[in-house]
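Novice: For reference, the sequence and a predicted model appear below.
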Number of protein chains: 2
Amino acid sequence: SEKLWSKMDDFVRRLIKLGKDDPKKIVHAIKVGLTITFVSIFYYFDPLFDGFGVSAMWAVLTVVVVFEYSVGATLGKGLNRMLATMVAGALGIGAHRIATLSGHTGEPILISVFNLIVAATVTFVRFLPKMKARYDYGLMMFILTFCLVSVSGYRDDEVIHMAIKRLTTVIIGSCASVIMCICIWPAWIGVDLHNQIATNLEKLGNFLEGYADEYFKVSVDDQDGRSKDKSFLEGYKSILTSKNSEETMANLARWEPRHGRFRYRHPWKQYLKVGTLARECAYKIEALHSYLRSEIQTPPEVRNRIVEPCTMISKESSKALKELATTIRKMTRSSIPDIHVANSKAAAENLKSILKSGLSKDVDLLLVVPAAATASLLLEIVTCTEKIAEAVH
Amino acid sequence: SEKLWSKMDDFVRRLIKLGKDDPKKIVHAIKVGLTITFVSIFYYFDPLFDGFGVSAMWAVLTVVVVFEYSVGATLGKGLNRMLATMVAGALGIGAHRIATLSGHTGEPILISVFNLIVAATVTFVRFLPKMKARYDYGLMMFILTFCLVSVSGYRDDEVIHMAIKRLTTVIIGSCASVIMCICIWPAWIGVDLHNQIATNLEKLGNFLEGYADEYFKVSVDDQDGRSKDKSFLEGYKSILTSKNSEETMANLARWEPRHGRFRYRHPWKQYLKVGTLARECAYKIEALHSYLRSEIQTPPEVRNRIVEPCTMISKESSKALKELATTIRKMTRSSIPDIHVANSKAAAENLKSILKSGLSKDVDLLLVVPAAATASLLLEIVTCTEKIAEAVH
């Protein structure tokens, strides 16, 4: 039982840490609780209950299922659910009407055939990547409502009433969720995407800012006992695998209405483009990073010949990327990044001419290889940064 | 309307292509349709209906929501749903009992407080990454059932009956889905993961197999008019961003029972390890690929000095990776990959000694840089391949 206690303890610690790191998540949890409580009032008050009966439970159910953390996800699910319930309800009533024509024995058979066809077709459509990205939930709800309405018709002749009751309660639940989600401390996924793209550029910038000092071991000289924080060298790693999360965020962001400085049809695709370029740059940085820890190290006297242009490239690219991140965050246009890009291009030309003149004829080439590769990667990062600067504008 | 028609046409074409590419998806759609039809029989037959009443609809609902393409996902959802319904149903009954002690006016207030606390707490717990990965659906079902049972108690004193009916129908729906999913042409996600990891190694191998010929332009000589298929040069790209999908697959695969040559506790984590190493190798290949299209090209006479060891490294690494893919597919142990790894290491030593002796004193270093960087990347790929070989065993 001591093991159980320590597990429980660990669990609670994680929860507390999660809450401290992101208080907005606690707010979200309370918002969900309040909305559920609010919607369940329909069940308690007699005048309201008489209108809906047991169907009032569907409203509670809708809130539990639809209410997501971000506005985009909640709106997407809510709209999907309402639309699907409406269309499938109408079709379900139609199917029931047609089936009743064939008498009490024929009805279940005909309904079963309808259900089989609709469920199989829609399930297959859900596999289409485009459908899956935006309407997956709606298609599932479509099957659900169609089967529910058409099958219920066998026991309850008032299918139309049933379908309308279901639609109303679903609308009440969805709207309550969406309103609560938007009005109290909303979490816009568009803002998250916007910030993530800017943060990614900053992470690249942080790496490049400290990289030259790290590679040319400048920092060794001014060491004063304490070990330096080198987390900036690892920050870029999260960018390598960020493709899926960025795409999901862009898909959800498209559901969001105008908010803050974001229009309804904000160019989310442009963010994905900048994200892709940042990822390409991160691949180069991954290669640079591996030369930091390489077994074969170029002797300092050879490195010193390229220290100046390399430092210049990495500092100026870093400044350009950080300035680009700032222009994204502030949503402004600025010519400062272009100046830094121009500086880094000048440094690149300088580096090329040093390489042209030959690094050192005395040292064997094997030892020069890592420095040469590093130089060549830095030249490519200059090109990458330029492309990012173009995409941001 | 012509535009609408062409859109419809496009949509149908996509569907047909999807079905041709993967007929298993059509089978899945039909399986879902059949299961829904089967479960809805509970609603049609009087003796069965009298037992369940309108609750019989919950079984249909469960099938629609739980039945996923892969066995792992279906089992995971089904178990989550059954367990959550059981525990939350019991707690809901308890909450209802406590609340009734406070009279007809106090009851809804107390129930509302319980709901608020439970919904908020569980919603917050859903944010924990470990919980999200495996129990997200169960936690949502927990909130749903708890609210449903405790709130229903206000109108229907037979809460216990209600909770049991709900549990039974959920069990029927889940079990029907799981049995159908496993028994007819099952799609094991564990097998998919297994194959994807092997395919990834093959893609790396395909690139390296053709890479040397491409880089050293050997193929230009024996050109006979038709352009060669170069898709093998792009295949590795999908590996760069496969992290999320591999992790999701491993999480779902853990739910799957013993099947074929896979045990219940198959070492899925080992696949993730091989996947991560393959991704690291793909980052190096991404860098190699960029030198293929580089602006600055090393003159052929310099390249020719390293053509032999580089070709050897890339061919032998390719063979090693492909053999490793085969041993993964066949689930055997083999020493053939080790031989190829050893060969590539020997070639690497050879390359190093050529580099040591200097490539060419006459050409300027700038032009030598890409070849030097390529050589250095190939040396790293040898190390990568060795690590992958270790992880596979």
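Specialist: Arrived safely, thanks for sending.

Novice: which other helices and strands contact whichever strand or helix holds residue A:95?
Specialist: Assigned by DSSP states H and E, residue A:95 belongs to helix A:71-100. On a contact count with 3 or more C-beta pairs under 8 Å, 6 or more residues apart in numbering or on different chains; DSSP states H and E, helix A:71-100 meets helix A:57-66, helix A:103-125, helix A:129-152, helix A:159-183, helix A:189-215, helix A:243-253. (Glycine included, C-beta is placed from N, CA and C.)

Novice: Go through those and pick out the most buried.
Specialist: Scoring the helices and strands packed on helix A:71-100 by mean neighbour count under mean count of other C-beta atoms under 10 Å in any protein chain shown gives helix A:57-66 as the most buried, with a mean of 24.

Novice: Any idea how many residues pack against residue A:9?
Specialist: By the criterion of other C-beta atoms under 10 Å in any protein chain shown, residue A:9 has 10 neighbours.

Novice: Please export the C-alpha coordinates of the least confident helix or strand in chain A by mean pLDDT as CSV.
Specialist: Of all the helices and strands that make up chain A, helix A:46-52 has the lowest average by mean pLDDT, DSSP states H and E, namely a mean of 73. This file holds the C-alpha atoms of helix A:46-52, laid out as CSV (Å, rounded to 0.1, in the frame of the first residue of the first chain):
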residue,chain,number,x,y,z
ASP,A,46,-41.2,21.2,-14.1
PRO,A,47,-42.3,23.6,-16.9
LEU,A,48,-39.1,23.0,-18.9
PHE,A,49,-39.1,19.3,-18.2
ASP,A,50,-42.7,18.8,-19.5
GLY,A,51,-41.6,20.2,-22.8
PHE,A,52,-38.6,17.9,-23.2
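
Novice: Make TSV from the helices and strands packed on helix A:71-100 and add distance to residue A:333 to it.
Specialist: Shown next, in TSV, are the helices and strands packed on helix A:71-100 (distance: least, C-beta to C-beta, whole Å):
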stretch	distance to residue A:333
helix A:57-66	39
helix A:103-125	43
helix A:129-152	31
helix A:159-183	30
helix A:189-215	15
helix A:243-253	22
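
Novice: Would you reformat the ones you listed as a markdown table and include mean pLDDT?
Specialist: Converted to a markdown table, the helices and strands packed on helix A:71-100 look like this (pLDDT from 0 to 100):
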| stretch | mean pLDDT |
| --- | --- |
| helix A:57-66 | 93 |
| helix A:103-125 | 92 |
| helix A:129-152 | 93 |
| helix A:159-183 | 92 |
| helix A:189-215 | 91 |
| helix A:243-253 | 92 |
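
Novice: Generate CSV for the ones you listed, with distance to chain B as supplementary columns.
Specialist: Shown next, in CSV, are the helices and strands packed on helix A:71-100 (distance: least, C-beta to the nearest C-beta, whole Å):
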stretch, distance to chain B
helix A:57-66, 5
helix A:103-125, 4
helix A:129-152, 5
helix A:159-183, 10
helix A:189-215, 14
helix A:243-253, 4
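
Novice: Give me the buried positions along the helix holding residue A:95.
Specialist: Within helix A:71-100, the residues that count as buried by 16 or more other C-beta atoms under 10 Å in any protein chain shown are A:71-82, A:84-86, A:88-93, A:95-96, A:99-100.

Novice: Can you mark which positions in whatever helix or strand residue A:288 lives in are buried?
Specialist: Using DSSP H and E, residue A:288 sits in helix A:268-292. Residues of helix A:268-292 classed as buried under the neighbour-count rule (16+ other C-beta under 10 Å) are A:268, A:271-275, A:277-291.

Novice: Please apply the same query to stretch A:35-50.
Specialist: Counting neighbours by 16+ other C-beta under 10 Å, one finds that the buried residues in stretch A:35-50 are A:35-40, A:42-44, A:49.

Novice: any idea how far that stretch is from the chain center?
Specialist: 36 Å (C-alpha atoms, centre = their mean, to the nearest Å).

Novice: Also stretch A:178-193?
Specialist: 14 Å.

Novice: contacting residues around it?
Specialist: A:24, A:27-28, A:31, A:34-35, A:66-75, A:78, A:246, A:249-250, A:252-253, A:256, A:259-260, A:262, A:266, A:268, A:271 (C-beta atoms under 8 Å, 6 or more residues apart in numbering or on different chains).

Novice: Any idea how many residues pack against residue A:263?
Specialist: Neighbour number of residue A:263 under other C-beta under 10 Å is 11.

Novice: Could you pull up phi and psi at it?
Specialist: Residue A:263 adopts backbone torsions of phi -80, psi 170, taken as degrees, to the nearest 10.

Novice: Please apply the same query to the one 4 residues further on.
Specialist: Here the main-chain torsion angles of residue A:267 (degrees, to the nearest 10) amount to phi -70, psi 70.

Novice: Next, count neighbours for it.
Specialist: Residues contacting residue A:267 under the criterion other C-beta under 10 Å number 9.

Novice: Check it and give its pLDDT.
Specialist: On pLDDT, residue A:267 comes in at 86.

Novice: what do you get for the one 3 residues further on?
Specialist: pLDDT recorded at residue A:270 is 90.

Novice: how close does residue A:325 sit to residue A:209?
Specialist: Distance, residue A:325 to residue A:209, using C-beta to C-beta, to the nearest Å: 12 Å.
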